[in-house]
Every structure is written in C-alpha cells, then in structure tokens.
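**Student:** could you look at this predicted model? Sequence included:
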Amino acid sequence: MKEYGEILLGIALAALGIAGIWVFKEQVLDVIQGVIGIVVLLVGAVFLMIGISDVREKGEEESTEGD
C-alpha cells in the first residue's frame, strides 16, 4: 500500500510542478535564458580542462619514451 501512496504523491507533485511552471512561465523562460550562457561557459571550461589534461599526458608520454 505504501508504494501506491508514493506514486500518488509523485503524481500530485508533478501536477503541482507543471501548474507552477504554467503560472510562472514568463519567469521560467527568463531563468532558462539566463542559465544557457552559464551552462555553455561551464561546458567550455570542462572541455578546456580535458584538453589541457590530454596535452600534458601526451607530453609526459613523449618525454618518458625518449629516455
């Protein structure tokens, strides 16, 4: 019986979330638009760190192969 309560609570909260998004849709869109730049910046930073790490590893491999 507990499982059904959790399912009903999940449905109720999802419905409230959808209703909240609908009521505040302009503010939600503003937040999404503001977050896009931050997400792109963070993804770029991750790729930059991965690239730097790969270059360092390749340089270390080449220096140890020459010995």
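**Tutor:** Cool, got the structure.

**Student:** how close does the residue nearest the centre of the chain get to E62?
**Tutor:** In the chain, the C-alpha nearest the mean C-alpha coordinate belongs to V39, at 7.3 Å (C-alpha atoms, centre = their mean). Going from V39 to E62 by C-beta to C-beta, to the nearest Å gives 35 Å. Where you see a C-beta, it was placed from the backbone N, CA and C, and this is true even at glycine.

**Student:** all helices of this protein, in order?
**Tutor:** Ranges of helices within the chain are 2-23, 25-65, based on DSSP state H.

**Student:** can I get the ones you listed in JSON lines including mean pLDDT?
**Tutor:** Output for those, formatted as JSON lines (pLDDT from 0 to 100):
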{"stretch": "helix 2-23", "mean pLDDT": "94"}
{"stretch": "helix 25-65", "mean pLDDT": "92"}
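
**Student:** what pLDDT does G66 get?
**Tutor:** G66 is assigned 61 on the pLDDT scale.

**Student:** ugh, typo on my part, it should be M1
**Tutor:** Confidence at M1, expressed as pLDDT, is 67.
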